[in-house]
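Predicted coordinates and the sequence they were generated for:
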Amino acid sequence: MKRITPAQARSRDEHKAPLPHHLRPLLSDTVRGFINHLKSAVPDLQLNLSGLSQDKSEITEKKEDALSISGVVDGEPNIYSDSSTYSNITRYFRTLTSYFSRVPSYRPRLVISPHNGVIVSSILHSLESLPVHELSLSTLHNPNYTTVEAAASQIISGAARRAPCVLYIPYLDVLENSCTISACNIMCTMLKDIPADASVIIVATLHTSLENGSVFSEIFSSDSIKKIPKPDRDHIKGFFRPLLVHELSQNFSVTKVSTVEELDEAPPLNRRPLTEVELSSITRQEEATLRELRLFLRDTVNKIMKERKFYCFCKPVNTDEITDYLDVINKPMDLEKIRRRIDNGRYQTVKEFTDDIDLIADNAIQYNPEDDHTGRQIRHRAAELTDYAHNIIDSELDQDFGKLCEEIRDSRIRRKQEDQRSDFESNRLRSRSSSALSSSRRNSTTAGPSTSVVSFHGNQGGSGVSMSSDDVEKLLREICERLRGKSLDQIMELHTLIRQSIVKHRNTDKKVAIETLIRDHLQPLIQSF
């Protein structure tokens, strides 16, 4: 019964995970440095470094576990567990021999700042032979415990009884700020009570740093607090090189494009010409619609001109009195001129009308200075004129009617262009058809070998083509220059964004050349950091 562990006190292995393959060039040396720190405190530590190897042929480091001592129950040898007294005494002396032959450890501690889940999971995975006991906010507030103090006492004492093991404390500074003073003191005293030579490896992390006067400062010395170093140039290159070489080479393929003859431009689609009856009917319908537009625009201008505050915009500016007006204003405009344009049918859309209203306001604002009282009054009325006109149009004019007027304008422009182009196209096609055969023969005889065009597309079935080494090194130098002094999170963020950009353009149907992808997408992304 003494060997039975309660369910809530059993070790937790969900934090153990090998270092992902794509992160090993960037973080493997950092994780090895933290593991070497633990190994210096516990020389007989059994490690599994398979999660750090960048080469699959690397042999996992295996050592004999000298920390597990047979024949020891709760720290004391049981010489009466067998009916044979001689065999128990022999086992007892073997236990003593194994204990004194073991290289002793002294308070193995490791505090990682700032917290990084990938690095911590990799460190715990290398210690896979040791159970992990977690002391965190989630375990302290486990409903199986009555109070936080009871949970902390149970977890720490359970880890001390089951040595060798790992006591994992994530976000130590956040834990201290969240718990009461009594709970922190209990945890601190219990951690101090763990024997100095006990093989209880404490691995903790910090969100920022321990505050001055922290109760845990006595337990975790400055030598045990290790900051995650910023990756150097070689690590960044090793991290981004597989992405540029592997991903791009998988998603670029060679398409053989044979040199063929230059084909003539396809003639425009021949539409059936409208008969006179059809054209007359369409013209009558368009004129009826534009007549309604003119009536609405006249009402709008009349409403504006009835307002006394807009009287200054009704007539054109007298250039005999204001001689420098035309030197400042290039396109004079007034409400009387707009009314004449309505009568002459110059406006086919509402936007053309509002553009002239805006032109009146812009001219008034441009000519009249703001530092003069009269000029300020005119500028205010010009701004009010624009708002007043647009408000009438938005409230009284149907949007579908405005779109219909724009369609009429586009249809008239298209019919005019087709009429002008019909004669020109017929003459051009007749002149080029006579030389089409000779041009085809000349191109077929002078055609050179087929050329290779590299394009980026979603089909990965083609033969892979990698970037040239010069292009890769140039892009890597630019990445290293931008990421100089950046944090680990920023480096991983850029790596993810570059990979997302490649995958996004790979899954589109539109082909993108490799030079275009780098120039228009990858380089602006790198420059943003």
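Done, it's in.

which residues of the protein score low on pLDDT?
1-14, 50-105, 247-261, 267-271, 421-469, 506-515, 529 (pLDDT under 70).

does Glu384 belong to a helix or a strand, and which?
Under the criterion of DSSP states H and E, Glu384 resides in helix 373-396.

tell me what that helix is packed against?
With contacts defined as 3 or more C-beta pairs under 8 Å, 6 or more residues apart in numbering; DSSP states H and E, helix 373-396 has these neighbours: helix 276-306, helix 350-367. No exception for glycine: its C-beta is placed from N, CA and C like everyone else's.

which stretch among those comes nearest Glu149?
Closest of the helices and strands packed on helix 373-396 to Glu149 is helix 350-367, at 73.5 Å (criterion: C-beta to C-beta).

picking that back up, most neighbours per residue, which of the helices and strands packed on helix 373-396?
Using mean count of other C-beta atoms under 10 Å, the stretch among these with the largest mean neighbour count is helix 350-367, at a mean of 18.

quick check: angle from it to helix 276-306?
30 degrees (axes from the mean of the first three to the mean of the last three C-alpha atoms, to 10 degrees).

how far does helix 350-367 sit from the chain's center?
Relative to its chain's centre, helix 350-367 lies at 43 Å (C-alpha atoms, centre = their mean, to the nearest Å).

how about it as CSV, C-alpha atoms only?
What follows is helix 350-367, C-alpha atoms only, in CSV (Å, rounded to 0.1, in the frame of the first residue of the first chain):
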residue,chain,number,x,y,z
VAL,A,350,-25.5,62.2,-61.8
LYS,A,351,-21.8,62.1,-61.1
GLU,A,352,-21.0,64.5,-63.9
PHE,A,353,-23.4,67.0,-62.3
THR,A,354,-22.0,66.5,-58.7
ASP,A,355,-18.5,67.0,-60.1
ASP,A,356,-19.4,70.5,-61.3
ILE,A,357,-21.0,71.3,-58.0
ASP,A,358,-17.8,70.2,-56.3
LEU,A,359,-15.8,72.3,-58.7
ILE,A,360,-17.6,75.4,-57.6
ALA,A,361,-16.8,74.7,-54.0
ASP,A,362,-13.2,73.8,-54.8
ASN,A,363,-12.7,77.1,-56.7
ALA,A,364,-14.1,79.1,-53.9
ILE,A,365,-11.9,77.4,-51.3
GLN,A,366,-8.8,77.7,-53.5
TYR,A,367,-9.2,81.4,-54.2
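
who touches the nearest residue to Tyr311 once chain neighbours are set aside in this structure?
Once flanking residues are discounted, Tyr311 sits nearest to Met305: 7.9 Å by C-beta to C-beta, 6 or more residues apart in numbering. Met305 makes contacts with 311, 314, 335, as judged by C-beta atoms under 8 Å, 6 or more residues apart in numbering.

Would you mind measuring from the first one to Lys226?
Pointing back at Tyr311 there. Noted for Tyr311: a distance of 80 Å to Lys226, by C-beta to C-beta, to the nearest Å.

Kindly report the same for the last one.
Using C-beta to C-beta, we find Leu335 at a distance of 78 Å from Lys226.

Please apply the same query to the second one.
Cys314 sits 81 Å away from Lys226, going by C-beta to C-beta.

ok, which stretches of the stretch 201-350 of the chain are strands?
Using DSSP state E, counting those that start in this stretch, the strands found in the stretch 201-350 of the chain span residues 225-227, 252-257.

Give me the contact list for the first one.
In this case it means strand 225-227. 33-34, 37, 110-114, 206, 210.

The residues you listed into a markdown table, with extra columns for distance to Ile219?
What follows is those, written out as a markdown table (distance: C-beta to C-beta, whole Å):
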| residue | distance to Ile219 |
| --- | --- |
| Gly33 | 22 |
| Phe34 | 18 |
| His37 | 16 |
| Leu110 | 12 |
| Val111 | 10 |
| Ile112 | 15 |
| Ser113 | 15 |
| Pro114 | 19 |
| Leu206 | 13 |
| Leu210 | 10 |
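
Of the residues you listed, just say which sits nearest to Lys403.
Nearest to Lys403 among these, with distances taken as C-beta to C-beta, is Pro114, at 57.5 Å.
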